[in-house]
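>>> Based on what follows, work out the 3D shape:
(chains A and B)
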Amino acid sequence: MNRRGFLTHATAALTVGLASSACRTETAYEPNRIARPLLLPAMSEATVGDIGQRYMARTPAERDEGALITAIEQSARELVSFPWTASPSLETLIEADFARGRTVLPGGWVLSATEARQCALFALGRS
Amino acid sequence: MHIDALTLPEGATLDGDLCIVGAGAAGIAMALEFIGRPERVLLLEGGGFDLEPQMQALYRGEIVGRPYYPLEAARLHYFGGTTGHWGGFCAPLDNIDFEQRPWVPHSGWPITRAQLDPFYARAQRTLQLGPYEYDAAYWQQRDARLQRLPLDPTVVREKMWQFSPPSRFGTLYREPIVSAPNIHLYTHANVCEIDVNDSVSAVESLSIRQNDGRTQRVRATRFVLACSTLQNVRLLLASNRHATAGVGNAHDQVGRYFMEHLEMAAGNAIILRPQSLQLYALDWGVTKARAELALTDRVQRELGLLNATIAIEPAPKSGEAKNTFELEPPESLESFRRDTPNGLTSDMLAEAAKTPPHDSASVVRQPFFALVTRQEQAPNPNSRITLSTERDALGVPRVRFDWQLSSLDKRTMRSSFRALGEEFGRRGVGRVQLRDWLLSGDTIWPDSLSGGWHHMGATRMHADPTQGVVDASCQVHGIGNLFVTGGGVFPTAGSANPTLTIVALALRLADHLKHTRV
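Numbers count the residues shown, from 1 in each chain, chains lettered A, B, ... in the order given. Reported below is the predicted structural model:
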């Protein structure tokens, strides 16, 4: 799947995910942001891609875009009090991961689970 | 005054009130304290004023445990000792280092940090350091560029270091020692045996041996072994004529609990927000004080970890940062010694002065850093110095060096880096990466396992003679006129390089000897 195809797929998957969680706007996470981790400006694309690949290798249940986005959405749902509350930003999700100790170590990097999933989405977009 | 022992005739006897064996940091610091006093002090140094290959070869040993640096390159056998090539890193041990920590077997000193504080303050002067101030706030008040990373101070604290020029004791203190009428410095005076009385309760004399077989005898009221951790052990164990297990070894404690600091580039970091790192930077010869990061006492207790610091170092231009032993092979260390007999050269200082500021713009341009840890190892009775079957040129058994680590050592390093990584993430400072080998099992270490050339333990201090070699005053248990000083008496190592503590303990022992009589 090329990058454009992936993003289209990600948008569709996210829309489905959001629809299933009811009432949140489908623009909660823009596809071109969810697959671009905040680490990207500081790290090379190769490093981020490698982190993503390592995350998927260690997390067999999250080896495709749908599963990754669903996992991010699940984390987001846990942070909101009511279904109609706006989805937290990706930055908020990452902060919450660190606050709750939801960290993973792909490639030895101590990352929030959300940003590791973002790295995986980025890796899929490159492949 | 100075006498070359090579000029002494066979059978000569030297008499004094106090005999100090070894003229390194501890021995010289002690001798300086006795200048101008009524005691006649004999200061015995095995080497000369310059490094001599045949003297250095006496330090060779057999390495049988974890891989280690060549022993004859790790310590210097001449006047001034290993201060001839040390780097000048100084910091006191922390309060927690002196405590008996339930999660660290065999931990606890019989003295407290508060008891050592006055001697630390005096040691600062001996080592040409600044004021006895190791709070980051003190240094921040004097330099606005020194900003803390916005980390939770209940989780991560700044461990401050000061930097000696570095003081080369062999150059710096040669004149005051040699010109002191009551200090009798004997070079080329290699002590090969401690002669004790029949009841092994007192030292009667020491035997000096020369390469040509001549021997001399040294008599004194009191004796202090200050000839480095490994050599102190060797001398005690090899002196087995009356005490078959060695002097001071009635309870099989001599040589046990050898400790090093683990100095390893165990991780990397990326700083994600503009932030000055001046507080954490080290420009050799320019920086007076800098901080390394350490988990607070509370976190150490909660996670059951040893003490450690993590330095933020510039990432190498290519490849991974190297561990200390890789970075400084013996030939490099020897070049450094030769090039810096009076401390760093003017060229080195000029180079350091040109280093750009470690400001936020610099960090934005280059956000990658190496993380280098200095970590204590858990006291381990099986990490041990014994005698080899091989003998040196003077007929003394060489050291058999069996350095061993425990699972707590590895777990501490992994957990410390992970805890720092989580705190960097929580605070949005950046991200931390652990090296692959750090994530492997608790007994697995990389081939590049590295210490800091810090030899501690093996003649440890403990109130109970069944658990240590010397008591709280550094007197060998059961032998009223024999004392040991140096890194060997440390019961635990802390995370700080040992020289400041070695000098502080030497000054404390000097005071003790001044104020007590046999």
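>>> Now do residue 45, the pLDDT please.
Using chain A. At residue A:45, the pLDDT value in this model is 96.
>>> look at chain B instead
98.
>>> residues contacting it?
Contact partners of residue B:45, counting by CB atoms under 8 Å, 6 or more residues apart in numbering or on different chains, are B:22, B:23, B:27, B:78, B:79, B:185, B:186, B:187, B:188, B:189. Bear in mind the C-beta positions are built from the backbone N, C-alpha and C, glycine included.
>>> next one: phi and psi at residue B:314?
Torsion angles at residue B:314 (phi, psi; degrees, to the nearest 10) stand at phi -60, psi 140.
>>> that older thread, looking at the contacts of residue B:45, which are in strands?
Per DSSP state E, strands hold the following members of the contacts of residue B:45: B:185, B:186, B:187.
>>> Correct me if wrong: the first one contacts residue B:175.
No. When contacts are counted by CB atoms under 8 Å, residue B:185 is not listed as touching residue B:175 (11.3 Å).
>>> residues contacting residue 71?
Let's take chain A. Residue A:71 neighbours (CB under 8 Å, 6+ apart): A:62, A:113, A:117.
>>> I was thinking of chain B, sorry if that wasn't clear
The contact partners of residue B:71, by CB under 8 Å, 6+ apart, come to B:59, B:60, B:61, B:63, B:230, B:399, B:401.
>>> Looking at those, which two lie furthest apart in space?
With CB to CB as the measure, no two of the contacts of residue B:71 lie farther apart than B:59 and B:63, at 12.4 Å.
>>> The two: which has the busier surroundings?
Set side by side, residue B:59 and residue B:63 show more neighbours around residue B:59, with 23 against 16, by other CB atoms under 10 Å in any protein chain shown.
>>> Spatially nearest residue to that one, not counting backbone neighbours?
Nearest residue to residue B:59, sequence neighbours excluded (CB to CB, 6 or more residues apart in numbering or on different chains): residue B:72, at 4.3 Å.
>>> got the phi/psi numbers for that neighbour?
Backbone phi and psi, for residue B:72 under degrees, to the nearest 10, turn out to be phi -70, psi -10.
>>> I'd like the distance between it and residue B:383.
The gap separating residue B:72 from residue B:383 is 20 Å, by CB to CB, to the nearest Å.
>>> The two: which is more packed in?
residue B:383 (24 against 17).
>>> Out of the contacts of residue B:71, name the ones that lie in strands.
B:61, B:63, B:399, B:401.
>>> Report the buried members of these.
Those of the ones in strands among the contacts of residue B:71 that meet the buried threshold are B:61, B:63, B:399, B:401, by 16 or more other CB atoms under 10 Å in any protein chain shown.
>>> these two touch, right, the last one and residue B:66?
Spelled out, that is residue B:401. No. Assessed by CB under 8 Å, residue B:401 is found out of contact with residue B:66, at 9.5 Å.
>>> Quickly list what's touching both of those two.
By CB under 8 Å, 6+ apart, no residue touches both residue B:401 and residue B:66.
>>> which residues touch the most centrally placed residue in chain A?
What sits nearest the mean C-alpha location of chain A, by CA atoms, centre = their mean, is residue A:118, with 3.8 Å. Contact partners of residue A:118, counting by CB under 8 Å, 6+ apart, are A:34, A:35, A:36, A:37, A:38, A:52, A:72, A:90.
>>> Wait, the first one touches residue A:89, no?
No. Judged on CB under 8 Å, residue A:34 makes no contact with residue A:89 at a distance of 11.0 Å.
>>> follow-up on the earlier one: narrow the contacts of residue A:118 to just the buried residues.
Among the contacts of residue A:118, the ones that count as buried by 16+ other CB under 10 Å are A:34, A:35, A:36, A:37, A:38, A:52, A:72, A:90.
>>> Quick check: phi and psi at the residue in chain A that chain B sits nearest to.
Nearest to chain B, among the residues of chain A, is residue A:110, at 2.8 Å (CB to the nearest CB). When read as degrees, to the nearest 10, the backbone of residue A:110 gives phi -80, psi 100.
>>> can you put the buried ones among the contacts of residue A:118 in JSON lines and add secondary structure?
As requested, those are arranged in JSON lines below (DSSP: H, G, I helix; E, B strand; the rest coil):
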{"residue": "A:34", "secondary structure": "helix"}
{"residue": "A:35", "secondary structure": "coil"}
{"residue": "A:36", "secondary structure": "coil"}
{"residue": "A:37", "secondary structure": "coil"}
{"residue": "A:38", "secondary structure": "coil"}
{"residue": "A:52", "secondary structure": "helix"}
{"residue": "A:72", "secondary structure": "helix"}
{"residue": "A:90", "secondary structure": "helix"}
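>>> with the residues you listed in mind, which one is nearest to residue B:505?
Here the nearest of those to residue B:505, counting by CB to CB, is residue A:38; it sits at 49.5 Å.
>>> Isn't the closest one up against residue A:93?
No. Under the criterion of CB under 8 Å, residue A:38 is not in contact with residue A:93, lying 10.8 Å apart.
>>> Have a look at residue B:185 and residue B:175 and say which one is more surrounded.
Set residue B:185 next to residue B:175 and count neighbours by other CB under 10 Å: residue B:185 wins out with 26 against 9.
>>> OK, contacts around the more buried one?
Residue B:185 is in contact with B:1, B:2, B:3, B:23, B:31, B:43, B:45, B:79, B:177, B:178, counting by CB under 8 Å, 6+ apart.
>>> Those residues of the stretch 351-500 of chain B touching chain A, which are they?
Proximity of the stretch 351-500 of chain B to chain A (CB under 8 Å from any CB of the partner chain) is limited to residues B:367, B:417-418, B:421-422, B:424-426, B:428, B:431-436, B:438-439.
>>> So which of those belong to helices?
Counting by DSSP state H, the part of these found in helices is B:417, B:418, B:421, B:422, B:424, B:425, B:426.
>>> what's the spacing between the second one and residue B:433?
From residue B:418 across to residue B:433, the span is 11 Å (CB to CB).
>>> which residues are in contact with both of these two?
Counting by CB under 8 Å, 6+ apart, the contacts common to residue B:418 and residue B:433 are residue A:110.
>>> shouldn't the residue nearest to residue B:59 be in contact with residue B:53?
No. In this structure, residue B:72 is not within contact of residue B:53 by CB under 8 Å, at 9.3 Å.
>>> Many thanks, have a good one.
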